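Participant: how would this look folded up:
(one chain, ligands or ions: 1)
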Amino acid sequence: MKKKAVWVDEVYQGIVRTSFKLKKRLFRGKSPFQEVEVVETAGHGRLLLIDGMTMVSERDEFVYHEMIAHPALFLHPKPLRVLVIGGGDGGTVREVLRHKSVERCVLVEIDGLVVEASRKYIPQTAAALSDKRVTVRTEDGVKFVAETNEKFDVVIVDSTEPFGPAKELFGRSFYKNVKRLLTEDGIVVSQAGSPFYEIATIRNLFKIMRPIFPVVEVSLFTNLTYPGGLWAFTVATKGLHPVRDFVPARVKTSKLKLSWYNAEIHAGSFACPNFLKKEIGV
Ligand code: SAM
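Facilitator: Numbers count the residues shown, from 1 in each chain. Got it, this is the predicted structure:
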């Protein structure tokens, strides 16, 4: 008799469900912050879930991690020191380290269980965490930015959605502290959610960041495994404009073998659809 297929479901905002055909459950653990799972799927490789929400799939993580890292790292004239907050799966750090100018990358991930599970089950993203340029700190990113005196050229907030431990990563004092840590041409990129389902998150980030940073833009990209497919990052800087000050030739001369990001995608990702322009008042 044919075995009945088993599915892993992500129920999102109680109104949409994404199912992934399950091959094998590899890990499930509970930390003081959240439930962490890794499963083997039939069509998307290994999947990291946090509290039942899809975080990373081996099949499409390259898009998210190239788009969270490269627009800022090619915009900045010479990124040497990068801070990644969240990002315990290691994918963002992996893309940051591909830039030869980067001498130091600090990852501040509140939940050690995410790093441990990713190192064990998703080396595709987590292997980068063993690079000698990387320092992994298991602590709250909100506390880290409030207390450190270290300076960074780029800060990347690769966090979960604005609830639980991530809530204050979407707050005013956090971004005031981030600005204090940024060097002269500093850039901060933040995971901002779905322009369809989480417009309030994007609107709120703009409201908070506009009085703090002279330049605040939204960058859009597609994400196979996230609800609705279209996803957003906000990009705020101390002066550089992500399109006007971007030098496309730098991508070519870098000779980086990228699978999604290129100079045209860079410029195009900052083109904002009218409904979003209206919502964020651009
Ligand atoms: N790509 C995913 C997304 O778009 O939702 C995010 C990936 S990464 C796994 C998100 C990480 O943010 C989680 O591992 C979570 O533990 C971490 N995180 C949440 N709040 C945090 C905080 N206050 N400080 C540091 N890390 C935090």
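Participant: show me what contacts whatever residue of the stretch 51-200 of the chain ends up closest to the ligand?
Facilitator: Nearest to the ligand in the stretch 51-200 of the chain, going by C-beta to the nearest ligand atom, is G86, at a distance of 2.8 Å. Where you see a C-beta, it was placed from the backbone N, CA and C, and this is true even at glycine. Going by C-beta atoms under 8 Å, 6 or more residues apart in numbering, G86 touches 108-110, 141, 157-160, 166, 169, 191.
Participant: which residues of this structure fall in helices?
Facilitator: 61-75, 91-96, 112-121, 123-126, 141-147, 172-181, 199-209, 249-254, 263-269, 274-280 (DSSP state H).
Participant: for the stretch 151-282 of the chain, which residues are neighbours of the ligand?
Facilitator: Within the stretch 151-282 of the chain, the residues that sit near the ligand (C-beta under 6 Å from any ligand atom) are 158-160, 165-166, 169, 191.
Participant: report how many residues lie close to the nearest residue to A249 once chain neighbours are set aside.
Facilitator: With sequence-adjacent residues excluded and distances taken as C-beta to C-beta, 6 or more residues apart in numbering, A249 is closest to A263, at 7.9 Å. Residues near A263, counting by other C-beta atoms under 10 Å, number 15.
Participant: spit out the contact partners of A263.
Facilitator: A263 neighbours (C-beta under 8 Å, 6+ apart): 246, 248-249, 251-252.
Participant: now G43: how far from R25?
Facilitator: 16 Å (C-beta to C-beta, to the nearest Å).
Participant: count the residues that sit near the closest residue to L80 other than its chain neighbours.
Facilitator: Excluding its sequence neighbours, the residue lying closest to L80 (C-beta to C-beta, 6+ apart) is E103, at 5.0 Å. Using other C-beta under 10 Å, E103 has 10 neighbouring residues.
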